[in-house]
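A.B. asks: coordinates only, sequence not included:
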């Protein structure tokens, strides 16, 4: 597995009550949730990378205010349904 390093000011450790290990975990979570939100990862892939179940990852999305639904796909389906209904 590859890795990359996130640098942050030392003051962040003083401002946060979280230990460095927890901050690293939060950064990893936030990255994977964002990649999921962008459609770059599936929920299963993100869960696997975090070492949690898919259900746990879906619950985590709520913490980050990310919908488990693809809002754009839902909107497209609604528009298609509406157009078909008007045609009769």
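C.D. replies: Perfect, I can see it now. What you see is a predicted model, and the numbers here were worked out from it, not measured in a lab.

A.B. asks: The closest residue to residue 41 other than its chain neighbours: neighbour count?
C.D. replies: Nearest residue to residue 41, sequence neighbours excluded (CB to CB, 6 or more residues apart in numbering): residue 35, at 4.6 Å. The way it works is simple: take the backbone N, C-alpha and C, and place the C-beta from them, glycine included. The local packing of residue 35 (other CB atoms under 10 Å) involves 15 other residues.

A.B. asks: mind checking which helix or strand residue 35 is in?
C.D. replies: Using DSSP states H and E, residue 35 maps to helix 20-37.

A.B. asks: elements contacting that helix?
C.D. replies: Judged by 3 or more CB pairs under 8 Å, 6 or more residues apart in numbering; DSSP states H and E, the packing partners of helix 20-37 are helix 10-15, helix 43-50, helix 54-63.

A.B. asks: Flag every buried residue along it.
C.D. replies: Residues 29, 31, 32, 33, 36 are the ones in helix 20-37 that count as buried (16 or more other CB atoms under 10 Å).

A.B. asks: what's the lowest-pLDDT member of those residues?
C.D. replies: Within the buried residues of helix 20-37, the minimum per-residue pLDDT falls on residue 36 (92).

A.B. asks: Relative to residue 3, which of the helices and strands packed on helix 20-37 is closest?
C.D. replies: With CB to CB as the measure, helix 43-50 is the member of the helices and strands packed on helix 20-37 nearest residue 3 (11.7 Å).

A.B. asks: How far off centre is the closest one?
C.D. replies: From the chain centre to the centre of helix 43-50 is a distance of 10 Å (CA atoms, centre = their mean, to the nearest Å).
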